[in-house]
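*Asks:* Predicted model follows, preceded by the sequence.
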Amino acid sequence: MTQDILAAMQPFEAELIAIRRDIHKHPETAFQEVRTADVVAAKLTEWGIPVQRGLAKTGVVGTLQGKGNKGGRSIGLRADMDALNLQEHNTFDYASVHQGKMHACGHDGHTAMLLGAARYLSQHRDFDGTLHFIFQPAEEGEGGARVMIEQGLFEQFPCDAVYGMHNIPGLPLGQFAIRPGSMMAASDTWTVVFRGSGGHGAMPHMGTDPTQPAASFVTATQNIIGRNVSPQQAAVLSVGHIAAGAYGSPNVIPAEVTVRGTARSYTPADRDLLERRLGEAAQGIAAAHGCSVEYHYLRRYPPLVNAAEQTSIALRAAAATVGAANVDGDTERLTGAEDFAFMLEKKPGAYILLGNGGSVEDGSCHYVHTPHYDFNDRALITGAAYWVNLVAEELGAARG
């Protein structure tokens with residue numbers, strides 16, 4: 001299988017666009033992807049692919065046997081299905097019909113691309129092994145991959161390797177990007193609550209003021225990165241929420257200040273470091289100001305780590321699809337997170353980026369998680385063809 005697959009799949013393009021836009025118009029958020037799962041299951045069944053439903057509530061897994069399945073390998077291809085809680089600002093005719101919900105990350109396109117590959121492969125089963133098409137719910141912050149695993153994904157559907165793909169605005173259409181090793185960061189959430197007595201704003205000496213340690217703590221978080229994380233590594237600490245007092249009472253020193261944020265890291269050691277140092281900073285600063293403190297650190301998504309062998313396989317599949325000149329095999333790491341990392345903790349695999357086109361800088365495209373974002377339909381056949389070429393690289397030709 002080569003770049004000819006792109007031409008062979010062109011007759012599917014109109015149907016994939018229709019599927020993608022239908023899913024975009026009817027977005028469903030974490031563990032609520034009932035209609036989307038119905039669409040996926042119906043299409044797989046129509047193409048003769050057996051389906052199992054119910055993992056992580058709305059997950060769908062289709063299984064396809066190659067013609068030469070005589071002790072062949074078994075691999076999983078994964079697409080996420082969920083939308084975001086975000087109000088869409090696009091005005092095209094397939095814009096979201098659900099208030100406050102939007103496919104702002106391209107999971108509608110991911111689902112359509114994997115369906116395109118499933119359709120083609122159902123008609124061209126000249127491979128030796130087993131394919132599992134994994135349509136996963138709840139990637140956006142709710143860990144649907146982890147839930148599928150906990151409910152027996154890899155026991156029910158054994159996989160020797162597992163692969164994922166995500167679109168990225170700003171990377172030109174017809175290009176792919178990947179790297180071996182850590183490619184995306186761990187994503188953790190932390191909460192610090194400083195408590196004092198509060199008091200009258202005109203007489204701060206009559207009480208303890210938790211706003212002071214809170215302010216010092218926000219600044220101190222950046223010192224953790226600058227003076228504790230190796231310059232050879234990368235990590236991020238960002239404050240995303242501060243809450244204290246009442247807007248209508250600016251003369252009242254609040255008795256409690258809550259500071260919440262995110263922590264991103266690439267190694268287990270740095271993840272441990274950030275958790276420990278945030279707690280130490282909060283405790284020390286609170287004590288210095290005569291306040292108490294409550295600290296919580298929630299580990300959410302682990303770092304996404306591509307296996308070397310599977311990265312090489314993905315590179316060959318991408319090159320077969322668009323040519324080696326259009327594949328970056330040493331792309332920069334992203335500080336974003338992805339729950340496909342849970343699958344890569346259990347199975348070797350690789351996660352690749354697909355160009356969605358345009359430029360964020362000049363405004364010719366909008367980035368993911370923004371109200372004007374839209375998946376580029378011209379990427380659908382490219383992504384679907386990549387999946388088909390990946391199957392050829394992993395499972396080869398049928399052996400009888």
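*Replies:* Cool, the structure landed.
*Asks:* from here on, contacts and neighbour counts on C-alpha atoms
*Replies:* OK.
*Asks:* Give me the distance between Lys57 and Gly279.
*Replies:* Distance check for Lys57 against Gly279: by CA to CA, to the nearest Å, it reads 36 Å.
*Asks:* whoops, I mixed them up, Asp108
*Replies:* Distance, Asp108 to Gly279, using CA to CA: 39 Å.
*Asks:* who's more crowded, those two?
*Replies:* Higher neighbour count among Asp108 and Gly279: Asp108, with 29 against 19, using other CA atoms under 10 Å.
*Asks:* what pLDDT does that one get?
*Replies:* Looking at Asp108, its pLDDT stands at 98.
*Asks:* Flag every buried residue along the host helix or strand of it.
*Replies:* Per DSSP states H and E: Asp108 is located in helix 107-123. Judged by neighbour count (16 or more other CA atoms under 10 Å), helix 107-123 contains these buried residues: 107-122.
*Asks:* Can you give me the buried ones in stretch 89-103?
*Replies:* Ala95, Ser96, Lys101, Met102, His103.
*Asks:* Doesn't Arg78 belong to a strand?
*Replies:* Yes - assessed with DSSP: H, G, I helix; E, B strand; the rest coil, Arg78 lies in a strand.
*Asks:* Any figure for the gap between the closest residue to it other than its chain neighbours and Gly144?
*Replies:* Distances taken as CA to CA, 6 or more residues apart in numbering place Ile134 nearest to Arg78, at 4.5 Å, with adjacent residues excluded. Distance, Ile134 to Gly144, using CA to CA: 12 Å.
*Asks:* Which residues does the host helix or strand of His24 contact?
*Replies:* Using DSSP H and E, the element containing His24 is helix 13-25. By CA atoms under 8 Å, 6 or more residues apart in numbering, the surrounding residues in contact with helix 13-25 are 36, 94-98, 102-103, 108-109, 111-113, 115-116, 377, 380-381.
*Asks:* residue contacts, Ser182?
*Replies:* Contact analysis of Ser182 by CA under 8 Å, 6+ apart lists Tyr266, Pro303, Leu304, Val305, Asn306, Arg333.
*Asks:* Would you confirm that the first one contacts Asp188?
*Replies:* Pointing back at Tyr266 there. No - at 11.5 Å, Tyr266 does not count as touching Asp188 under the criterion of CA atoms under 8 Å.
*Asks:* neighbour count winner among those two?
*Replies:* Taking other CA under 10 Å, Tyr266 and Asp188 do not tie; Tyr266 has more neighbours (25 against 21).
*Asks:* What is the neighbour count of Ile49?
*Replies:* Neighbours around Ile49, by other CA under 10 Å: 22.
*Asks:* what sits against it?
*Replies:* Gly62, Thr63, Leu64, Ser122.
*Asks:* give me that answer again for 10 Å
*Replies:* Taking CA atoms under 10 Å, 6 or more residues apart in numbering, we find Ile49 in contact with 41-43, 61-65, 118-119, 121-122, 132-133.
*Asks:* Now that we have the residues you listed, which of them are buried?
*Replies:* For those, buried by 16+ other CA under 10 Å: 41, 43, 61-65, 118-119, 121-122, 132-133.
*Asks:* so is the residue nearest the centre of the chain in a helix, a strand, or just coil?
*Replies:* Central residue of the chain (CA atoms, centre = their mean): Glu338, 3.0 Å from the mean position. Assigned with three-state DSSP, Glu338 falls in the coil class.
*Asks:* Appreciated, that's everything.
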